[in-house]
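>>> output the structure for:
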Amino acid sequence: MAGTGQGYDLAVTTYSPDGRVYQVDYAQKCVDTSTTSIAICCKDGIVFASEKLLLSKMLVKGTNKRTYAITKHSGCCFTGLVPDGRDVVGEARGDALSYEQNYGVKVPGYILAERVGLYFHKHTLYYSLRPIGIGFLVGA
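Residues are numbered from 1 along each chain as shown. Next up is the predicted model:
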């Protein structure tokens, strides 16, 4: 018996007859069923927090974290698939370093968020990539 996608869920570039992209729906489902992450703006800075579920007693302490520093003055928190989150954090760190090397100043938060958003968008355009299954909070 065929699944709900019936062949329309094989690629991100394939639309179903009702106009849905199932790959994007699957990525959104990963975010919806994951733990909670929040960011709170204070007068001194930004506080990132995420819920950490202990999936197994064999899980090494310090792994499966969802809050990272991008630069000395910016950070992020995500919910969803942890490997996707680590990939996006690495991309954000590379973008921040590239911006600082090119322009000689720290990357502003809105530019960092825009570059991360473009990375997300890229993953919904190409056949060879799959949508990223995380919700991402960035602050600077």
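
>>> host element of the residue lying closest to R20 once chain neighbours are set aside?
In this structure, R20 finds its nearest non-sequential neighbour in Y8, 7.8 Å apart by CB to CB, 6 or more residues apart in numbering. No exception for glycine: its C-beta is placed from N, CA and C like everyone else's. Assigned by DSSP states H and E, Y8 belongs to no helix or strand.

>>> got phi/psi on Y8?
According to degrees, to the nearest 10, the main-chain angles of Y8 amount to phi -90, psi 0.

>>> can you list the weak-confidence ranges in this protein?
Counting by pLDDT under 70, the ranges of the chain that qualify are 1-5.

>>> now do the strands in it.
37-41, 46-50, 67-71, 74-80, 134-139 (DSSP state E).

>>> tell me which other helices or strands the first one touches.
Using 3 or more CB pairs under 8 Å, 6 or more residues apart in numbering; DSSP states H and E as the contact test, the elements touching strand 37-41 are strand 46-50, strand 74-80, strand 134-139.

>>> most tightly packed of those?
Of all these, strand 74-80 carries the top mean neighbour count, a mean of 24, counting by mean count of other CB atoms under 10 Å.

>>> and the longest helix for the protein?
What stands out as the longest helix in the chain, according to DSSP state H, is helix 82-103.

>>> buried residues in it?
For helix 82-103, a neighbour-count test (16 or more other CB atoms under 10 Å) marks V82, D84, G85, V88, V89, E91, A92, R93, D95, A96, Y99 as buried.

>>> now do that helix against strand 46-50, angle only.
Relative orientation of helix 82-103 versus strand 46-50 (axes from the mean of the first three to the mean of the last three CA atoms, to 10 degrees): 160 degrees.
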